[in-house]
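Visitor: fold the following.
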Amino acid sequence: MPTESRERLGSLYANAPRDVYFAAARAAIRDYYLAQPSNPYRQSGRSSGAERWLETRRCIAQAVHRDGDFLDVGCANGLLLESLIQWTGERGIAIRPHGIDFVPELVALARQRLAPHSGSFTVANAFYWRPDRQFDFVRTNLEYVQPDDWPEFLERQYSAVANGGRLIVCHYRNSDDEPIEVAALLHRLGYAVAGQAGVAGTSAVWCERRD
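Guide: Residues are numbered from 1 along each chain as shown. Presented below is the predicted three-dimensional model:
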């Protein structure tokens, strides 16, 4: 994302009213992700191409240990889900893709990319979204909401996880962002961390739901 957009969002991140932040984030994401129609990595938030995509996203597949329904919260153009289907399939695991995103144009791209599952994608703001069903895996990002909203946000995502399933919490950061210990945060909030993976700039931590 351009420096000026990141700086504006950074200035709003801690202090702005929630909906002011969401409006700015939606506009910045729409402008950046859709700026290169022929670049699927840009449409999913990365501008550095296939090699860096593989490096920073494949670690998420480690959280998937069995077949099941996989919900990507903030699915963008569906590239992550498409990639996870391939990566988990290499281990003999089959996942059924679902996604939500608050940018309608990105949801339309995800429906095109994963056309056999086009009915499994929804336009929604993840903070206000109320799941009407549960999934075996739910992947989300901390940076979707402001830090004060993390407890409520994660509780809502966790409510979408089926018993025996996993909530996968990711954090992507730029080199100048403050690091966040995602596993420690989840422990403080009362979640049972079952595993974690990552590389520089990317963290993925998963918690199992046991009712």
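Visitor: from here on, just use CA atoms for contacts and neighbour counts.
Guide: Will do.
Visitor: worst-scoring helix or strand of this protein, pLDDT-wise?
Guide: helix 3-13 (a mean of 63; mean pLDDT, DSSP states H and E).
Visitor: what is the burial count for G92?
Guide: Using other CA atoms under 10 Å, G92 has 11 other residues around it.
Visitor: could you check the distance from it over to G165?
Guide: 18 Å (CA to CA, to the nearest Å).
Visitor: ok, F127 next?
Guide: F127 is 21 Å from G165, by CA to CA.
Visitor: and these two? which has more neighbours close in?
Guide: G165 (25 against 18).
Visitor: sec struct for that one, please.
Guide: strand (DSSP: H, G, I helix; E, B strand; the rest coil).
Visitor: A183 contacts A192, correct?
Guide: No - using CA atoms under 8 Å as the test, A183 is too far from A192 to be in contact (9.3 Å).
Visitor: picking up where we left off before, immediately after the least confident helix or strand of the chain, which helix or strand?
Guide: helix 18-33 (DSSP states H and E).
Visitor: tell me the buried residues in that next one?
Guide: Within helix 18-33, the residues that qualify as buried by neighbour count (16 or more other CA atoms under 10 Å) are 18, 21-22, 25, 28-30, 32-33.
Visitor: got a markdown table for those residues, with distance to N174 and pLDDT too?
Guide: What follows is the buried residues of helix 18-33, written out as a markdown table (distance: CA to CA, whole Å; pLDDT from 0 to 100):
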| residue | distance to N174 | pLDDT |
| --- | --- | --- |
| R18 | 22 | 93 |
| Y21 | 19 | 93 |
| F22 | 20 | 95 |
| A25 | 16 | 93 |
| A28 | 16 | 92 |
| I29 | 15 | 94 |
| R30 | 19 | 94 |
| Y32 | 16 | 92 |
| Y33 | 16 | 94 |
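Visitor: for the nearest residue to R18 once chain neighbours are set aside, which residues are in contact?
Guide: Leaving aside its sequence neighbours, R18 sits nearest to Q146 (CA to CA, 6 or more residues apart in numbering; 7.6 Å). Taking CA atoms under 8 Å, 6 or more residues apart in numbering, we find Q146 in contact with 13-14, 18.
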